[in-house]
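Participant: would you be able to build a 3D model of this:
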Amino acid sequence: MGKIIAIANQKGGVGKTTSAINLAASLAVLEKRTLLVDADPQANSTSGLGINPKEVETGLYECMIDGIDPKDAIVKNDQLKFLDILPSHIDLVGAEVEMVSIEGREEKMREALDKVKEDYDFIIIDCSPSLGLITINALTAADSVIIPVQCEYFALEGLGKLLNTIKIIQTRLNPRLEIEGILLTLYDSRTSLGNQVVEEVRTHFNKMTFQTIIPRNVKLSESPSFGLPAIVHDAESKGAISYLNLAHEVIDKNLVTA
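Facilitator: So this is what the prediction gives:
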């Protein structure tokens, strides 16, 4: 049965979608059956894997709101044999309003993913940059959460709020939810600020922080415009190699805890 990992941070611009796409792709390259779930109405994970969100007729929205079986919405990836995606489209933005009056509204994503959990080794959820009902659904469905933190000024801003939200979900909705790790992103070794942030995060969250650090990298930035993960776009780029290292770290951690 697959492990569900949400990638969440209510701050935008921290490399969340980049991390979701490239961690999922790297796990697939390592021959782990992987499902990427696009839980962001902006549908950037969907377009980042070469799917036009405007052409998505059945996606996560229909699975959560209409009870459609995810198996009827999942799309195979053309480049990577072991990678599938449950896509998104703009209608997902209305799901939060539609679910307000629904009983068990926090459980809708879990109910959907439970139908396919046994088909995968890893399910990676790309959350929206908010702490709204869709993100709460993702954290309720997940076994663990990866928190991307950019190596820039105000890096830890809002992290406390997210950690508090995770504690509330652990208490009320999902006692099995764990923190998979804090992932340092957008690192520029040439700046003293980047190194200061790395030191600060490792000081405060030593055991929770991944050893892998994701650098600022042109190939990571441009690969979504080709509809490709970095490891397909340029496997030798620093960004692709970093996410492959992260995938190894995630696999090794889960072998130890299995």
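
Participant: can you list the low-confidence ranges for this protein?
Facilitator: Counting by pLDDT under 70, the ranges of the chain that qualify are 1, 256-258.

Participant: all helices of it, in order?
Facilitator: Here the chain has its helices, by DSSP state H, at 16-29, 44-48, 60-65, 95-99, 108-113, 133-141, 159-172, 192-204, 218-222, 230-233, 238-257.

Participant: quick one, which of these is packed in tightest?
Facilitator: Counting by mean count of other CB atoms under 10 Å, helix 16-29 has the highest mean neighbour count of those, with a mean of 27. C-beta: built from backbone N, CA, C; applies to glycine.

Participant: and the helices of the chain: which comes nearest residue 86?
Facilitator: Residue 86 lies closest, by CB to CB, to one member of those: helix 60-65, at 5.5 Å.

Participant: what packs against that closest one?
Facilitator: strand 34-39, helix 95-99, helix 108-113 (3 or more CB pairs under 8 Å, 6 or more residues apart in numbering; DSSP states H and E).

Participant: include distance to residue 201 when you put these into a markdown table, please.
Facilitator: Listed next are the helices and strands packed on helix 60-65 as a markdown table, based on distance: least, CB to CB, whole Å:
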| stretch | distance to residue 201 |
| --- | --- |
| strand 34-39 | 25 |
| helix 95-99 | 31 |
| helix 108-113 | 29 |
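
Participant: as CSV, the helices of the chain with distance to residue 8 would be great.
Facilitator: Converted to CSV, these look like this (distance: least, CB to CB, whole Å):
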stretch, distance to residue 8
helix 16-29, 7
helix 44-48, 13
helix 60-65, 15
helix 95-99, 16
helix 108-113, 13
helix 133-141, 6
helix 159-172, 7
helix 192-204, 16
helix 218-222, 19
helix 230-233, 21
helix 238-257, 15
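
Participant: ok, back up a step: so which of the helices and strands packed on helix 60-65 comes closest to residue 215?
Facilitator: Across the helices and strands packed on helix 60-65, closest to residue 215 is strand 34-39 (CB to CB), at 22.0 Å.

Participant: just how off-centre is that closest one within its chain?
Facilitator: Taking CA atoms, centre = their mean, to the nearest Å, one finds strand 34-39 lying 7 Å from the centre of the chain it belongs to.

Participant: with stretch 78-91 instead?
Facilitator: The answer for stretch 78-91 is 13 Å, by CA atoms, centre = their mean.

Participant: flag every buried residue along that stretch.
Facilitator: 79-80, 82-89, 91 (16 or more other CB atoms under 10 Å).

Participant: greatest separation within those: which pair is it?
Facilitator: Among these, 82 and 91 lie farthest apart (CB to CB), at 28.5 Å.

Participant: the helices and strands packed on helix 60-65: which one's closest to residue 145?
Facilitator: Nearest to residue 145 among the helices and strands packed on helix 60-65 is strand 34-39 (12.4 Å), distances taken as CB to CB.

Participant: other SSEs contacting that closest one?
Facilitator: helix 16-29, helix 44-48, helix 60-65, strand 83-86, helix 108-113, strand 122-127, helix 133-141.

Participant: could the ones you listed be laid out in CSV, adding distance to residue 212?
Facilitator: Below are the helices and strands packed on strand 34-39 laid out as CSV (distance: least, CB to CB, whole Å):
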stretch, distance to residue 212
helix 16-29, 10
helix 44-48, 20
helix 60-65, 28
strand 83-86, 20
helix 108-113, 26
strand 122-127, 15
helix 133-141, 22
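
Participant: tell me which of the ones you listed sits nearest to residue 38.
Facilitator: Among those, if distance is taken as CB to CB, the winner is helix 44-48, at 4.0 Å.

Participant: show me what the closest one is packed up against.
Facilitator: helix 16-29, strand 34-39.

Participant: which one of those lies nearest to residue 4?
Facilitator: When those are compared by CB to CB, strand 34-39 sits nearest residue 4, at 8.4 Å.

Participant: direction included, what does that closest one pair against?
Facilitator: Strand 34-39 pairs in its sheet with strand 83-86 (parallel), strand 122-127 (parallel), by DSSP bridges.
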